[in-house]
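Asks: starting from these lines, generate the structure:
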Amino acid sequence: MKAFLKLKYFYFNISLKYKILILFYCIVLSISLILGCNSYIVTKKQVISNISTANIGKLRQISNSIKFLQKDVEDISTYLCIDPVVQSILKGDYTTFTTLREQQLYIDNSMSFILNLIASKSYISMISFYNNNNIVYYRTSDGSSEVSNLNTIRNTEIYKTASNTKGRPLWFTIKKDDPRFIQNNNYNKIAACRIIKDFNTLDTIGFLIISVNESEIQNIYKNNMDTEKESILIIDNIGELISHSGETLLSNQFNPKDYLEKRDGFTIKKIEGTDFLITYTDAQTSNWKLFHAVSMKSILNEVISHVYFSILIVVGCVLLSFPLIMLISNFLTSPIYRLLESMKRFEEGNFNEKIDFKYQDEIGKLGKGYNSMVANIKDLINKVYVLQIKEREAELKALQSQINPHFLYNTME
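Replies: Prediction:
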């Protein structure tokens, strides 16, 4: 409060010219600040809305590409499940073979078309068949080997869930260090599995797994984003990680499960001290959820650069307007300074002061009143001076009238 009073006292005691100058700059800076802040807030909201819409569009495009790949894999799995050769191999009686090698040669010859299938679909890294007698057949294109037998797989939740789907495909992940499905796995995989049924009796006769390396999924979304500045995360319908690029969305400060029930949208989340714009959308198949994160700093860089440019323009205008404001303030205050100088001369005894103003504004009217006051004061002074002289003359005459008879009497006496 004291500081405010001191500032107020200082302001009201400085020259009028500087009062006008300070007031002008305070008004200009206040208006510029208000307009600048409002413009920044409105522009920021608009940019965030546009970027989030664009990012949701990216996610939908990625989702469509993944959907195409998934549908292709599921169609292949359907074709394999109903293929007569596959059905025959899985239901076959191999007791007629004297050695396991003969049995394996027969299976390999019968299933040779799988090699052609893998060759034609470069994104498929492994196809594995299992029958109820624990006979395994697999083919791979990425060097992975030694798949587990069906007895081991039956103990997994994946197999139990796939059994409940009644032959429909189930997507899941196979980590590089997970030996339950592949003992020598060279890459993280995303796989579709399904129970194979006898299409005559509908009895379960086997199990099928078609694997796609995670890098194939990553290539889909990396083609649609700048991976150095952006992060992406794909989870399934229970929140399990399917694939990701970048570490931002893996932070403990972000829980993707909170968004499982939501459709398309965006949120701003502070992760490890940095604000991120996170957009999300549902994949069209397999109930996957896609998340995309980009730092607010990179989004608002252009907006901030515009703000800095606007500040430079305002500062430039303020500096360039300084001579003009000084000229205006001098024009407004010079009549007042002339009036003050005339008043000083009047105080020193010059009663012939008169000041002429060209314009009849408030200062002109003030000057006219000042001239009238000076004339009145001069007139009053003159009147008082004459009156005093006449009083002196009257006193002298009265004194003379008293002196003359007294002198006469003295002479006669």
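Asks: can you pull the contacts of Asp75?
Replies: Contact analysis of Asp75 by C-beta atoms under 8 Å, 6 or more residues apart in numbering lists nothing. Any C-beta I mention is one placed from the backbone N, CA and C, and that applies to glycine too.
Asks: for Thr156, which non-adjacent residue is closest in space?
Replies: Setting aside the residues directly before and after it, Thr156 is nearest to Arg180 in space (C-beta to C-beta, 6 or more residues apart in numbering), at 5.6 Å.
Asks: for the stretch 1-150 of the chain, just list every one of the strands.
Replies: With DSSP state E, counting those that start in this stretch, the ranges of strands along the stretch 1-150 of the chain come out as 124-131, 136-140, 145-147.
Asks: tell me the angle the longest one makes with strand 136-140.
Replies: Using axes from the mean of the first three to the mean of the last three C-alpha atoms, to 10 degrees, the interaxial angle of strand 124-131 with respect to strand 136-140 works out to 180 degrees.
Asks: in its sheet, what does strand 124-131 sit against?
Replies: strand 136-140 (antiparallel), strand 204-213 (antiparallel) (DSSP bridges).
Asks: neighbouring contacts of the next helix or strand after the last one?
Replies: Spelled out, that is strand 204-213. Downstream of strand 204-213, the next assigned helix or strand under DSSP states H and E is helix 214-222. The set of residues external to helix 214-222 that reach it, using C-beta under 8 Å, 6+ apart, is 62, 65-66, 69, 123, 125, 173, 187-190, 232, 234, 242-243, 245.
Asks: nearest to Thr333, of the residues you listed?
Replies: Lowest distance from Thr333 to the contacts of helix 214-222 (C-beta to C-beta) belongs to Ile232, with 66.0 Å.
Asks: low-confidence ranges in the stretch 251-400 of the chain?
Replies: Counting by pLDDT under 70, the low-confidence segments of the stretch 251-400 of the chain come to 283-286.
Asks: tell me where the stretch 301-413 of the chain has helices.
Replies: Using DSSP state H, counting those that start in this stretch, the helices of the stretch 301-413 of the chain run over residues 362-412.
Asks: where among the strands paired with strand 124-131 is average confidence lowest?
Replies: Lowest mean pLDDT within those: strand 136-140, at a mean of 84.
Asks: quick one: contacts of that one?
Replies: Contact with strand 136-140 is made by 89, 107-108, 111, 114-115, 118, 125-130, 147, 149-150, as judged by C-beta under 8 Å, 6+ apart.
Asks: can you rerun that using 10 Å?
Replies: Residues from elsewhere that reach strand 136-140 (C-beta atoms under 10 Å, 6 or more residues apart in numbering): 86, 89-90, 104, 107-108, 110-112, 114-115, 117-119, 124-131, 144-150, 153, 182, 184-186, 206-207, 209, 211.
Asks: quick check: bridge partners of Thr274?
Replies: Ile271.
Asks: follow-up on the earlier one: go through the contacts of helix 214-222 and say which is closest to Asn13.
Replies: Minimum distance to Asn13 across these is 64.7 Å, recorded for Ile232 (C-beta to C-beta).
Asks: before we move on, back to that, let me have the strands paired with strand 124-131 in JSON lines, extended by mean neighbour count.
Replies: As requested, those are exported to JSON lines (neighbours: other C-beta atoms under 10 Å):
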{"stretch": "strand 136-140", "mean neighbour count": "19"}
{"stretch": "strand 204-213", "mean neighbour count": "23"}
